[in-house]
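1. next one to model:
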Amino acid sequence: MINNQNKIAVVFGVRNESSIAFQIVLKLHESGSKVAVSYTEETKDEVLTLLETHQISAITYQVDIRNEAEITSFLNQVYQEWGAIDYILHGVAFGNQNVMCSSFPGSSEPAPRYLDIPLEDLIDSFNISAYSLLRICRVAEPLLAKQASILTLTYNASQRVFPNYAGMAINKAALENIMQYLAHHFRSTEVRVNAISAGLVMTTSAGGVNGVRKLRKIGKITAPLGNVSAADVANTALYYFSDLSKKVTGNIHFTDGGFNIMGVAIDEA
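-> Down below sits the predicted model:
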């Protein structure tokens, strides 16, 4: 078993119980880590209720990931109360239907074509989904323990075409590049930075993607090991949030049942 006693972890991106980030919180807690969790104004009540229900005593803080001052206040509080930070999860992403080029359920507004993605919407989405990793690392740098581990969550649309993911794929491609450059940046302190490319998990955010259930059906048949759950992704995260991965950095780790290796979809026989 992985022993994270006395390790300090900070998690950005918990939205509700279906969040990959929350499953990672559970794994960190079970392994002995102290866990600090951010929330937004929208998610506050649900996040605090989840932590109470699972009897997780955490430092919690309201953070707009676009606001460096709020990130600074949160991480400084963790550092002052608990000490140097060992693990950080960046599990934050956002794109509206103008970015996804796909109308969300209940919307009467048509989504734009890929060629017509509004720059303002894409920039805001990039700020939240990709640049925020750089912002968190900039704030965290003086607060990190030696050989700390930073992890982000990406998706295979960064490298393959998923039409209903559209502009979010731009963000994921940028996120992966930022992750790799950060891995180089932190070499002198042996801080490692990696990404998990998760298979399609039925989170609240994924539920808004047009055709997501069809993609899940395709994945179930096509991926050699079938679809994955948020808990499967959390198990991978725990490897990165442990001493087992001390010499792994700049890596994009696929946890998708092998979907990424397939060149064609497999029809159910």
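2. contacts only, for residue 185.
-> Counting by Cβ atoms under 8 Å, 6 or more residues apart in numbering, residue 185 touches residue 137. Just so you know, the C-beta spots here come from the backbone N, C-alpha and C atoms, and that holds for glycine as well.
3. what about the longest helix in this protein?
-> helix 167-185 (DSSP state H).
4. average pLDDT across it?
-> Helix 167-185 shows a mean pLDDT of 98.
5. before we move on, what about stretch 22-34?
-> 97.
6. export only the CA atoms of it, formatted as PDB.
-> Below are the C-alpha coordinates for stretch 22-34, written out as PDB (Å, rounded to 0.1, in the frame of the first residue of the first chain):
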ATOM      1  CA  PHE A  22     -12.900  14.200  -5.800                       C
ATOM      2  CA  GLN A  23     -12.000  10.500  -6.400                       C
ATOM      3  CA  ILE A  24      -8.400  11.600  -6.200                       C
ATOM      4  CA  VAL A  25      -9.200  13.400  -2.900                       C
ATOM      5  CA  LEU A  26     -10.500  10.100  -1.600                       C
ATOM      6  CA  LYS A  27      -7.400   8.200  -2.600                       C
ATOM      7  CA  LEU A  28      -5.100  10.800  -1.100                       C
ATOM      8  CA  HIS A  29      -7.100  10.700   2.100                       C
ATOM      9  CA  GLU A  30      -7.100   6.900   2.300                       C
ATOM     10  CA  SER A  31      -3.300   6.900   1.800                       C
ATOM     11  CA  GLY A  32      -2.800   9.200   4.700                       C
ATOM     12  CA  SER A  33      -2.300  12.600   3.100                       C
ATOM     13  CA  LYS A  34      -3.600  15.800   4.500                       C
END
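7. list the buried residues of it.
-> By neighbour count with 16 or more other Cβ atoms under 10 Å, stretch 22-34 contains the buried residues 22, 23, 24, 25, 26, 27, 28, 29, 31, 33, 34.
8. give the contact list for the third one.
-> Remark: with contacts taken as Cβ under 8 Å, 6+ apart, residue 24 is in contact with 11, 89, 91, 233, 234, 237, 238, 241.
9. next helix or strand past the host helix or strand of it?
-> Assigned by DSSP states H and E, residue 24 belongs to helix 20-30. Next in sequence after helix 20-30, counting helices and strands by DSSP H and E, comes strand 34-39.
10. which strands and helices lie in contact with that next one?
-> strand 8-12, helix 20-30, helix 44-53, strand 59-62, helix 68-82 (3 or more Cβ pairs under 8 Å, 6 or more residues apart in numbering; DSSP states H and E).
11. outside of the fourth one, which residues touch it?
-> I take that to be strand 59-62. 36-41, 44, 47-48, 51, 70, 73-74, 77-78, 81-82.
12. how about a cut-off of 7 Å?
-> 36-41, 44, 48, 51, 73-74, 77-78, 81 (Cβ atoms under 7 Å, 6 or more residues apart in numbering).
13. in it, which residues are buried?
-> 59, 60, 61.
14. tell me the angle the helix holding residue 24 makes with strand 34-39.
-> 160 degrees (axes from the mean of the first three to the mean of the last three Cα atoms, to 10 degrees).
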